[in-house]
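Asker: From the sequence below, what's the structure:
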Amino acid sequence: MYTRIFASSTNAFINTGDGLGMAARAGIPLEDMEFWQFHPTGVAGAGVLITEGVRGEGGILRNSAGERFMERYAPNAKDLASRDVVSRAMVTEINEGRGCGPHQDHVLLDITHLDPAVIMSKLPGIREISIKFAGVDPIKAPIPVVPTCHYQMGGIPTNYHGEVMVHGDKVPGFYAAGECACASVHGANRLGTNSLLDLLVFGKSSGNTMIDYIKAQPQELPPLAMQDVDRAPARVNRLDTQTNGVAVNDARTAMQRNMQTHCGVFRFKDLLSEGVDKITEVEKMVQQTEISDKSKVWNTARTEALELENLIEVAKATMISANARTESRGAHVRDDAPDTPEHPNGRDDQNWLKHTLWYRDGNRLEYKPVNMKPLSVETIALKTRSY
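Answerer: Numbering: from 1, shown residues only. You can find the predicted model right below:
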């Protein structure tokens, strides 16, 4: 999890893309980094997740006029449409002036029509979150919510054994599983709960594969190249000796605002292009971050500075990959790639049915084909996504 590149995130503060940052610096490409899922219902101003279970129990999204607006965007599924559809509908309501609150910057999730006993028995945790983070008791008043970055479909490229793959070849002894990996089981848009595949299925598969790999290795490990070892303390030393630098919080805030504005739920051609330039400027800020606390024990300032160096790699990969993909697909939706008969849902399968690979060296992009032949089931044909 590394949605902390955005200003509004459901993730914990410790989710800072450390695995991806390390892989990128080692020359491993990051795959499909343009595909980010925004969860529709994060508490406005806090980002804390309000589960889909609330809408599953009958919760209704309303705009400033009290209208159940999802009936206009997904007449059949309504409030239970997929996350990206609901998120874009909410942003549209806000952008068109139907948002709620003094700044018209959120909508309302209403469960006041439910029996309080149902809320207390089935949604007690959600009621507690709402009271603590929104100052609202959902039994009495709707919860203010806004789309919040939640999940990344891309990551370190792997096969289904968890083995990291570059140019079709395995990287010996390197494995990835969980949200940091991209076995591409989610394609361009993850369905709810399918992150369990990342954790349980591919986690177990990776573990089994690692055991076999370790058993096949000789007893003596090969010597480490000291130039590889020296790179890590060099990063720390740079922080300890930096003067007249940039505050870590200033650089992090600039990154998060840039990503939220230029690469959010909706993506616009001019904003994406501008965002590439801006994230490059932010990278220069990160390269000059300074910490005032130089102590050697439990130094959280140093930790945050090192984490930011990982986050900026994720942010660059995202912005550059998104700017390059000139179609709409899954969670990546551009205003200049609308839904047409020739390009259903804005997809351009002739030119863009392929995976993106971003390399840190020169911000280079490569592409690889999508595997359309499953091992044990029939191929599922591409089709228009509709409600």
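Asker: going forward, measure contacts between C-alpha atoms and count neighbours the same way
Answerer: Will do.
Asker: now the helices for the stretch 151-300 of the chain?
Answerer: Taking DSSP state H, counting those that start in this stretch, the helices of the stretch 151-300 of the chain run over residues 195-196, 202-215, 226-241, 248-262, 269-286, 300-324.
Asker: Pull out the buried residues from the third one.
Answerer: So the one you mean is helix 226-241. 239, 240 (16 or more other Cα atoms under 10 Å).
Asker: ok and that helix relative to helix 300-324, angle-wise?
Answerer: Interaxial angle of helix 226-241 relative to helix 300-324 (axes from the mean of the first three to the mean of the last three Cα atoms, to 10 degrees): 110 degrees.
Asker: now helix 226-241, how far from the chain's geometric center?
Answerer: How far helix 226-241 lies from its chain's middle: 29 Å, per Cα atoms, centre = their mean, to the nearest Å.
Asker: Kindly report the same for the second one.
Answerer: Relative to its parent chain, helix 202-215 has a centroid offset of 26 Å by Cα atoms, centre = their mean.
Asker: same question, the fourth one
Answerer: On the basis of Cα atoms, centre = their mean, helix 248-262 sits 15 Å off its chain's mean C-alpha point.
Asker: How about residues contacting that helix?
Answerer: 4-8, 268, 271-272, 274-275, 278-279, 282, 285-286, 289-291, 304-305, 308, 312, 315, 319 (Cα atoms under 8 Å, 6 or more residues apart in numbering).
Asker: do the third one as well
Answerer: If you take Cα under 8 Å, 6+ apart as the criterion, helix 226-241 is touched by 289, 290, 291, 294, 302, 305, 306.
Asker: Let me know the closest of the residues you listed to residue 210.
Answerer: residue 306 (28.2 Å; Cα to Cα).
Asker: Any figure for the gap between that closest one and residue 235?
Answerer: To residue 235, residue 306 is 8 Å away according to Cα to Cα, to the nearest Å.
Asker: Relative to residue 324, how far out is residue 355?
Answerer: As judged by Cα to Cα, residue 355 and residue 324 stand 12 Å apart.
Asker: out of the two, which sits in the busier spot?
Answerer: Neighbour count, other Cα atoms under 10 Å: between residue 355 and residue 324, residue 355 has more, with 19 against 14.
Asker: List the buried residues of the helix or strand where that one lies.
Answerer: Using DSSP states H and E, residue 355 sits within strand 354-359. Of all the residues in strand 354-359, those buried under the rule 16+ other Cα under 10 Å are 355, 356, 357, 358, 359.
Asker: Put together JSON lines for those residues, with distance to residue 151 and pLDDT on each row.
Answerer: JSON lines is the format used below for these (distance: Cα to Cα, whole Å; pLDDT from 0 to 100):
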{"residue": "355", "distance to residue 151": "18", "pLDDT": "98"}
{"residue": "356", "distance to residue 151": "17", "pLDDT": "98"}
{"residue": "357", "distance to residue 151": "18", "pLDDT": "98"}
{"residue": "358", "distance to residue 151": "18", "pLDDT": "98"}
{"residue": "359", "distance to residue 151": "21", "pLDDT": "98"}
